[in-house]
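[1] need coordinates for the following:
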Amino acid sequence: MTVRSRPPSPPIAVPFALLLGVLALVIALGATAAPASASASPSATASATSDLDPDGQQVSVSGSGFDPTKGVYVALCVDQGAGALATPCIGGIDTSGSASSSAWVSSNPPAYGEGLATPYGPGGTFDVTIQVSAADQFADCPDPASAPDGCVLFVRADHTRAGDRSQDVRIPVTWASGAAVDDASDESGSGAAGDEDATGAGASGGQGADGSAAGTDAPGALARTGASVALVGGSAAVLLALGTTVLLMTRSRRESPTQPLR
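    Residues are numbered from 1 along each chain as shown. Below is the predicted model:
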């Protein structure tokens, strides 16, 4: 009777198991890094939003979390609702630097904008001051016939990216005349990308004690990552378990005694 040993397991099993383990680790690391990059969302605060002087007053607007590669305008405009371009803007949008009713923020403006646009600070921040009035020849903020949803301090992508809504932030205002654009009581207000209503804060983001608001999803904005992280994390766990199983099976085959073959 001839006794023959079983052929050894294919040598590719162990590298395959290790490959699965490495892939699972890479996916898991990517999942943990995703929330950090998605946490930055455009938001802005204003020094005054309620009982504004209809004849005009200065308002300072501070922003953070904006994309420094995209220029933005800051102005008082007729609200058209969340996700829509607020227009027209009181006093128009100024690209010449000669008007005070709007501000242009950009770190990489066209050649004609150099020296006119205010560059971003670290982390996509800015701090500008504009002159706001309730009306001009094109719109009247307190008049429901002219502005049914009132007016908002509006941050939007500049004319080089006119269709980009990812930088939109709306901050509602009220006027001292008593014609309220929104039921707001704070002297200062804030807004974030993706606001679904005119409250001065992100509709789902919440408002802190300092008046700042967290952003929520908007067209072109970074999406929420909770569900994605859970899905990717689960996939990584399955791959890791599969790799471990293949590795254990390979070792088991190698350590099993030689069986006679009849």
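[2] could I get the full set of helices for the stretch 1-150 of the chain?
    Using DSSP state H, counting those that start in this stretch, the helices of the stretch 1-150 of the chain run over 13-38.
[3] tell me where the model's unsure across the stretch 51-200 of the chain.
    In the predicted model of the stretch 51-200 of the chain, residues 94-98, 177-190, 193-200 satisfy pLDDT under 70.
[4] show me where it has strands.
    Listed in chain order, the strands of the stretch 51-200 of the chain (DSSP state E, counting those that start in this stretch) span 57-64, 72-78, 102-105, 126-132, 151-157, 169-172, 189-192.
[5] dump those strands into JSON lines; add mean neighbour count and distance to Asp143 as well.
    Every residue, glycine included, has its C-beta placed from N, CA and C. Output for those, formatted as JSON lines (neighbours: other Cβ atoms under 10 Å; distance: least, Cβ to Cβ, whole Å):
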{"stretch": "strand 57-64", "mean neighbour count": "18", "distance to Asp143": "19"}
{"stretch": "strand 72-78", "mean neighbour count": "26", "distance to Asp143": "10"}
{"stretch": "strand 102-105", "mean neighbour count": "23", "distance to Asp143": "21"}
{"stretch": "strand 126-132", "mean neighbour count": "19", "distance to Asp143": "16"}
{"stretch": "strand 151-157", "mean neighbour count": "27", "distance to Asp143": "10"}
{"stretch": "strand 169-172", "mean neighbour count": "29", "distance to Asp143": "16"}
{"stretch": "strand 189-192", "mean neighbour count": "30", "distance to Asp143": "21"}
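[6] and of these, who's closest to Ser41?
    strand 189-192 (6.3 Å; Cβ to Cβ).
[7] please convert the strands of the stretch 51-200 of the chain to TSV, extending it with distance to Cys141.
    Compiled in TSV, these are given as follows (distance: least, Cβ to Cβ, whole Å):
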stretch	distance to Cys141
strand 57-64	13
strand 72-78	7
strand 102-105	15
strand 126-132	9
strand 151-157	4
strand 169-172	10
strand 189-192	15
